[in-house]
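*Asks:* coords please:
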Amino acid sequence: MYVDGDLGENISNMSQIRTMSALIAGVGAGVMGLTGITGAVFFFLCALLTSFVMLKVGCEGTPERYFPSGKKQFFSLGNLVTGAMTYILAWTVAYDTIYIF
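*Replies:* Take a look at the predicted model:
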């Protein structure tokens with residue numbers, strides 16, 4: 001049984017973690033000078049690592065206790081696309097600041 005308020009808070013917290021992770025990964029990719037496919041692969045690896053850490057540490061390996069969809073909540077295309085926008089923004093700003101300006 002899931003309480004709507006608690007479930008909403010769990011989803012909100014997960015979204016904030018994903019956004020912060022994408023921001024940090026984007027700045028890291030920009031600083032390292034990653035471009036093209038290497039930058040995209042770096043994002044996918046960081047997103048995957050973030051999902052695994054939230055799954056194992058945040059949910060203590062039992063996501064069914066916190067989310068009705070269980071592991072699907074962590075590995076969905078929607079979550080990936082949301083993080084990608086933040087990643088691209090941070091990646092572009094960091095790369096341009098260091099290598100172009």
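*Asks:* can you give me the helices for the chain?
*Replies:* 4-32, 36-53, 77-95 (DSSP state H).
*Asks:* for residue 65, which of those is the nearest?
*Replies:* helix 4-32 (9.7 Å; C-beta to C-beta). C-beta: built from backbone N, CA, C; applies to glycine.
*Asks:* next one, pLDDT for the closest residue to residue 64 other than its chain neighbours please.
*Replies:* Distances taken as C-beta to C-beta, 6 or more residues apart in numbering put residue 70 closest to residue 64, at 4.6 Å, once the chain neighbours are dropped. Predicted confidence (pLDDT) for residue 70: 83.
*Asks:* wait, residue 70 sits on residue 55?
*Replies:* No - if you go by C-beta atoms under 8 Å, residue 70 and residue 55 don't touch, sitting 9.7 Å apart.
*Asks:* what is in contact with the two at once?
*Replies:* residue 63 (C-beta atoms under 8 Å, 6 or more residues apart in numbering).
*Asks:* neighbour count: these two, which is higher?
*Replies:* residue 55 (18 against 14; other C-beta atoms under 10 Å).
*Asks:* cool, thanks, talk later.
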